[in-house]
Each structure stands twice: as C-alpha cells, then as structure tokens.
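[1] the amino acid sequence is not available; the structure is as follows:
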C-alpha cells in the first residue's frame, strides 16, 4: 500500500522545528513526511498570503496527481483549511488533521475541539488506531 506524503504546517511564531517529535514518529510508522516554513511566521502576513505559500509548496514539491495528507498546528490549520477550501487543495488533500486550530473562534471563551479529541483524530488518521 502506497501512503500519501504528510505535510506538516506550523502556526504563528513557530517553524518546522515545532514538529521535531512528530516528524520522526510518523516516519517510523512508514509515512513520508515533509514540513513547510511559512514566512513571515510572526503574524504579519495574512491568511491568504500564507495559504498561497502552501499552494506553491505543494505544486513544486509533489507530482500533480499525488494525494497528500496535511497536519496543521494552530494557525497552520487555518492556512491549510483556506488552501483546501479556496485554492483547490480539496482535489489533492486526502486527510486533514488540525491540532489547536481556532476554527470559528470568536474570543477567549469560544468552544473549540479539545486536545483529547484532536489526539484521537490524529491517532485514527495517521496511526491506524
């Protein structure tokens, strides 16, 4: 069985170094793993600009017919979601997992998926549990 490459997308004030534990863990499981540094990573670039960087990275790094899986952390999840919904990523992305991403957040008291639920989704999607 051929597995899709996994693309890790970090959030604000992070780099690919954020995934220093996740990347080798997924690789030990037989997954080809790639990571993208979004620039700038300090919040000065808008969601659309960062999603375009993601789109350009996917287009130059993977064959046109290659499906990919994406794991987005925090703002990286929103960037990835914009790519999927608005920039045609829906035709490439087979699995999409977000961790700590503020989907629909309106403030500090808005409800968001718990880390426990996100962990279950991650394990089910990438670890076969």
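    Here it is on my side, so go on. None of the values given here were measured: they were computed from a predicted structure.
[2] ok, now which ones touch the residue positioned nearest the centre of the chain?
    The residue lying closest to the centre of the chain (Cα atoms, centre = their mean) is residue 72, at 2.6 Å. Contacts for residue 72 (Cβ atoms under 8 Å, 6 or more residues apart in numbering) come out as 9, 11, 78, 79, 80, 81, 96, 97, 98, 99, 101. Every C-beta, even on glycine, is put in place using the N, C-alpha and C of the backbone.
[3] can you name the two of those that are farthest apart?
    Across these, no pair lies farther apart than 11 and 96, at 15.2 Å, counting by Cβ to Cβ.
[4] so the closest residue to residue 101 other than its chain neighbours is in which element?
    Nearest non-adjacent residue to residue 101, counting by Cβ to Cβ, 6 or more residues apart in numbering: residue 77, 2.9 Å away. In the assignment (DSSP states H and E), residue 77 maps to helix 75-86.
[5] pLDDT of that helix, averaged?
    Per-residue pLDDT over helix 75-86 has a mean of 96.
[6] pull up the pairing partners for the helix or strand following that helix, direction included.
    Counting by DSSP H and E, the element after helix 75-86 in chain order, helix or strand, is strand 93-99. Paired strands of strand 93-99, with direction, are strand 68-73 (parallel) (DSSP bridges).
[7] how about the closest residue to residue 32 other than its chain neighbours, phi and psi?
    Of all residues not flanking residue 32 in the chain, residue 5 sits nearest, at 4.3 Å (Cβ to Cβ, 6+ apart). With angles defined as degrees, to the nearest 10, residue 5 sits at phi -70, psi 150.
[8] in terms of contact, does residue 5 touch residue 66 like I think?
    Yes: if you go by Cβ atoms under 8 Å, residue 5 and residue 66 touch, sitting 7.2 Å apart.
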